[in-house]
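Asker: fold the following, please.
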Amino acid sequence: MTAPDQTESSDRRRQIMEAALKVFSTRGFQGATNKDIAEAAGGISPGLIYHYFKDKQDLFFSLLREQGRLIQLADDPQQLMSLPPREGLTLIGHSYLGMLDAPENVAIFRIILTETLRFPEVADMIRQTIVDRVFRVLRAYLQHQIDQGHIRPHDTSLGVRAFLGSIVINVIAREVLRQPEALNTTNDQIVAMAVEIFLHGLSRVGGPPDV
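Answerer: Reported below is the predicted structural model:
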């Protein structure tokens with residue numbers, strides 16, 4: 001394929017993904033059809049979508065992978081594994097929140113939230129394809145830090161959920177519920193507080209040494 005052909009193919013793929021995001025945002029994953037996406041992409045043939053994506057699910061997860069920095073981190077975890085707890089958890093937190101840096105990423109978050117609540121099969125699909133893989137990497141990171149003696153032994157599955165949960169609730173308050181105080185909270189503040197509480201809790205005395 002020549003350079004102009006590669007550019008055209010890349011542009012067409014991007015056009016389809018942008019159209020899919022718009023359709024998923026309004027119709028949801030279950031309600032969206034390739035015909036809808038093709039029309040939103042400028043009236044292309046629905047069959048052309050299969051030239052770039054295996055099916056609607058592949059298109060949806062391509063959107064998640066390209067926008068999801070936490071997913072990218074799970075795909076290449078070596079950088080994470082080399083970091084001490086404070087730096088590693090900060091990277092994890094910012095990688096998660098980085099998925100919400102642009103309006104289109106917020107739309108993806110809302111699609112996931114609403115679709116998984118309404119359709120158990122969509123929740124299973126996302127869990128099996130993405131969430132389980134991301135959690136395996138994050139559990140492995142916490143276990144590595146335990147093995148190194150940097151943090152105390154604990155159930156790493158609960159640890160991952162506890163850390164990410166403290167971030168997720170802030171995201172819901174800010175991006176979904178639009179709570180006034182949450183709207184004024186920055187990503188840096190959210191991550192710093194989540195890391196501090198996870199590593200040291202809120203006790204004033206008898207806390208562990210700094211990591």
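
Asker: so which bits of stretch 14-23 are buried?
Answerer: Ile16, Met17, Ala19, Ala20, Leu21, Lys22, Val23 (16 or more other CB atoms under 10 Å). Just so you know, the C-beta spots here come from the backbone N, C-alpha and C atoms, and that holds for glycine as well.

Asker: my bad, should have said stretch 91-109
Answerer: Result for stretch 91-109 [16+ other CB under 10 Å]: buried residues 91-100, 105-109.

Asker: now do the phi/psi pair for the most centrally placed residue in the chain.
Answerer: The structure's the chain has its C-alpha centroid closest to Gly68; by CA atoms, centre = their mean the separation is 4.4 Å. Here is the backbone geometry of Gly68 (degrees, to the nearest 10): phi -90, psi 100.

Asker: of the buried residues of stretch 91-109, closest to Gly159?
Answerer: Nearest to Gly159 among the buried residues of stretch 91-109: Ile92, at 11.4 Å, using CB to CB.

Asker: can I assume that closest one is in contact with Val160?
Answerer: No. Ile92 lies out of contact with Val160 (CB atoms under 8 Å); the separation is 9.0 Å.

Asker: quick check: neighbours shared by the two?
Answerer: Any residue near both Ile92 and Val160 by CB atoms under 8 Å, 6 or more residues apart in numbering counts here, and that gives Leu138.

Asker: how about the secondary structure of Thr185?
Answerer: Classification of Thr185 by DSSP: H, G, I helix; E, B strand; the rest coil places it in coil.

Asker: and the helix ranked longest in the chain, what does it pack against?
Answerer: Using DSSP state H to define each element, the chain has its longest helix at helix 3-31. Applying 3 or more CB pairs under 8 Å, 6 or more residues apart in numbering; DSSP states H and E, we find helix 3-31 packed against helix 34-40, helix 49-52, helix 56-67, helix 103-118.

Asker: Arg204 - how many residues pack around it?
Answerer: Counted with other CB atoms under 10 Å, residues neighbouring Arg204 total 6.

Asker: same question for Ile44.
Answerer: Look at Ile44: counted by other CB under 10 Å, it has 16 neighbours.

Asker: check the one 4 residues further on too.
Answerer: Leu48 has 13 neighbouring residues, counting by other CB under 10 Å.

Asker: taking helix 103-118 as reference, get the angle to the helix or strand encompassing Glu87.
Answerer: Applying DSSP states H and E as the criterion places Glu87 in helix 85-97. For helix 85-97 against helix 103-118, the angle between stretch directions is 90 degrees (axes from the mean of the first three to the mean of the last three CA atoms, to 10 degrees).

Asker: averaged over its residues, which helix or strand of the protein has the lowest pLDDT?
Answerer: helix 103-118 (a mean of 80; mean pLDDT, DSSP states H and E).

Asker: next SSE downstream of that one?
Answerer: As assigned by DSSP H and E, the chain's next helix or strand after helix 103-118 is helix 120-126.

Asker: for that next one, name the packing helices and strands.
Answerer: In terms of contacts (3+ CB pairs under 8 Å, 6+ apart), helix 120-126 is packed against helix 103-118.

Asker: now the helix it packs on against helix 56-67, angle please.
Answerer: Going by the same axes, to 10 degrees, helix 103-118 makes 130 degrees with helix 56-67.

Asker: what packs against helix 103-118?
Answerer: Against helix 103-118 (3+ CB pairs under 8 Å, 6+ apart) you get helix 3-31, helix 56-67, helix 120-126.

Asker: good, wrapping up.
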